[in-house]
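Chemist: Take this sequence and fold it.
(chains A and B)
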There are 2 protein chains.
Amino acid sequence: MRPRLYWTRRTDRDQPGDPVTHRSSSNDRTALVVVAHHRADSLTAHTARRTADRLEASGYRVDLLDLHAEGFDPRMTTADQPDWGDREKAYSDEARAHMRRVLDADVVVAVFPVYWQSVPALLKGWIDRVWNYGFAYGRSKPRLAGKRMLWLGLAGATADDPITEAMHALLETSLSEGIASYCGFSHSAVGLLTDAEERPQRVDAEGGLLVGDAVAGAEREAQYADFDRRAREAVEKFLAAEGVAA
Amino acid sequence: MRPRLYWTRRTDRDQPGDPVTHRSSSNDRTALVVVAHHRADSLTAHTARRTADRLEASGYRVDLLDLHAEGFDPRMTTADQPDWGDREKAYSDEARAHMRRVLDADVVVAVFPVYWQSVPALLKGWIDRVWNYGFAYGRSKPRLAGKRMLWLGLAGATADDPITEAMHALLETSLSEGIASYCGFSHSAVGLLTDAEERPQRVDAEGGLLVGDAVAGAEREAQYADFDRRAREAVEKFLAAEGVAA
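Modeler: Just a heads-up that it's a prediction; the model follows:
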């Protein structure tokens, strides 16, 4: 037996003192760059710094959020669990501080290693705890409406491995469609940066993982120069699309 | 410029003292039930306990792994990061203890709330840190081969919400195909348990979330009785498929 459903669309009244989305002028735009890696010397952290530099060069004020360095705990808590009966629930101070940073940003760029065709737990928990009911979704006037998002995922797979196409599609579905667009973002794209490891990875005909020998010397320099170029192109493509949309 | 690739398939030699997969007799089977929720009084925890009871009634020894109660930290660490040049890397003591529990199990059942069409960070990190290179994948003879897996996800969406079909498909792709089958499991299925909240959830024509009024009294009793029945059926269907496969 299924219960009858009494649907209500709750009124969309902001509470006094609630944060309000403001449209920045083109000279006063903010980019929130979210890094999800446990090592400061990782290629992920390097890519996030370069991305921040590129955004600053384009006139953005950059808020760099290093989830590991800031000690963010991705585990859900009772305080940050949605209350489906109270869209105005006051979440934890920590979650609300993160909400403010998302709200202040015109664009959000998440930079992360791809683990299991998805984001690492550290980034998943930031979404779970911060992109919460009543803030990121669940209002007829989304507070995050009009913002733009880029997901930059680093993968050890090689560009010509057939798995990368399926991986990219899965990331687009789960991150761009399932999260950012659902929350009212006007644009969301996944940049999948392959060949992110010094040892290339492929999947064989039976689906097993093959790991190649490490590249070294000039070859490695060339690999990482190429990686940096592709990362920069992904950011520039994202910024160019913004120009078109404006 | 892309680096040349020197593919090597490393020999599949186990090290002395390495854990060895053993096939249990049919009277000595073990089920690892993994719970990923932050509250012991959650419907997720309740469903995990009932699932454990059902497995015990079917003759399984049950190892109940409550990730929150055991203080599992889902954040990746340098110690548990894969070393693509060393498949024999000694991961942290904590990760190795979890690997042993996975290895000792004939079936693994994960019980979790669906957050963002995916597993919560707590469970994602258990996969990230424990289902590691050289243990769960990366060998021509997978150590987890032949095991069976059930993913029981609790969702607030109603069964007749069109989103549940897409959600189920996305979970099957990412969890059953992308994780369990990739690691050599002989069978993996997702049981999506809808109507898990007292306030039903639907998506409207524009994709916005609608939250229904809370059910109460006899109606609520009926809702949860129905939920328990569907959870039990998902476990029984999984166990019956095992009989067919044996």
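Chemist: right, and residue A:75 touches residue B:123 too?
Modeler: No - the pair residue A:75 and residue B:123 fails to qualify as a contact (Cβ atoms under 8 Å) at a distance of 10.5 Å. C-beta here means a position set from N, CA and C on the backbone, and glycine is covered the same way.
Chemist: Can you check which residues contact both of the two?
Modeler: residue B:74 (Cβ atoms under 8 Å, 6 or more residues apart in numbering or on different chains).
Chemist: Neighbour count: the two, which is higher?
Modeler: Using other Cβ atoms under 10 Å in any protein chain shown, the more surrounded residue of residue A:75 and residue B:123 is residue B:123, with 27 against 22.
Chemist: Chain A versus that one, what's the distance?
Modeler: As judged by Cβ to the nearest Cβ, to the nearest Å, residue B:123 and chain A stand 8 Å apart.
Chemist: what does stretch A:163-171 rub up against?
Modeler: By Cβ under 8 Å, 6+ apart, the surrounding residues in contact with stretch A:163-171 are A:114, A:117-118, A:151, A:153, A:155, A:157-158, A:190, A:192, A:194, A:203, B:170, B:173-174, B:178.
Chemist: I'd like the average pLDDT over it.
Modeler: Confidence for stretch A:163-171, expressed as mean pLDDT, is 94.
Chemist: cool, and stretch A:130-142?
Modeler: Mean predicted confidence for stretch A:130-142 is 95.
Chemist: Show me what counts as buried in it.
Modeler: Burial within stretch A:130-142, assessed by neighbour count using 16 or more other Cβ atoms under 10 Å in any protein chain shown, is assigned to A:130-139, A:142.
Chemist: roughly how far apart are the closest residue to residue A:178 other than its chain neighbours and residue B:170?
Modeler: Nearest residue to residue A:178, sequence neighbours excluded (Cβ to Cβ, 6 or more residues apart in numbering or on different chains): residue B:117, at 4.9 Å. Applying Cβ to Cβ, to the nearest Å, the value for residue B:117 to residue B:170 is 5 Å.
Chemist: Spell out which residues are contacts of both of the two.
Modeler: The contact sets of residue B:117 and residue B:170 overlap at A:174, A:178 (Cβ under 8 Å, 6+ apart).
Chemist: Next, the distance between the ends of stretch A:118-134.
Modeler: For stretch A:118-134, the first and last residues are 25 Å from each other (Cα to Cα, to the nearest Å).
Chemist: I misspoke; the intended subject was stretch A:192-201.
Modeler: Span of stretch A:192-201 from end to end, Cα to Cα: 15 Å.
Chemist: near chain B, anything from that stretch?
Modeler: Yes - against chain B, stretch A:192-201 shows contacts by Cβ under 8 Å from any Cβ of the partner chain at A:195, A:197-201.
Chemist: CA atoms only for stretch A:214-222, dumped as CSV, please.
Modeler: The C-alpha trace of stretch A:214-222 is given here as CSV (Å, rounded to 0.1, in the frame of the first residue of the first chain):
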residue,chain,number,x,y,z
ALA,A,214,57.0,5.5,-16.2
VAL,A,215,58.1,8.1,-18.7
ALA,A,216,61.1,10.1,-17.7
GLY,A,217,63.4,13.0,-18.7
ALA,A,218,62.4,15.0,-21.8
GLU,A,219,59.5,12.7,-22.5
ARG,A,220,58.1,13.4,-19.1
GLU,A,221,58.6,17.1,-19.5
ALA,A,222,56.7,16.9,-22.8
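Chemist: Pick the one among the buried residues of stretch A:130-142 closest to chain B.
Modeler: Distances from chain B to the buried residues of stretch A:130-142, taken as Cβ to the nearest Cβ, are shortest for residue A:138 (4.9 Å).
Chemist: Tell me how far the longest helix along chain A lies from the chain's centre.
Modeler: Scanning chain A for the longest helix, with DSSP state H as the assignment, gives helix A:217-245. In terms of Cα atoms, centre = their mean, to the nearest Å, the centre of helix A:217-245 is found 17 Å from the chain centre.
Chemist: out of the contacts of stretch A:163-171, which are inside helices?
Modeler: Those of these lying in helices (DSSP H): residue B:170.
Chemist: So residue A:187 is in contact with residue A:239, correct?
Modeler: No - counting by Cβ under 8 Å, residue A:187 sits too far from residue A:239 to count as a contact (11.1 Å).
Chemist: Great, nothing more from me.
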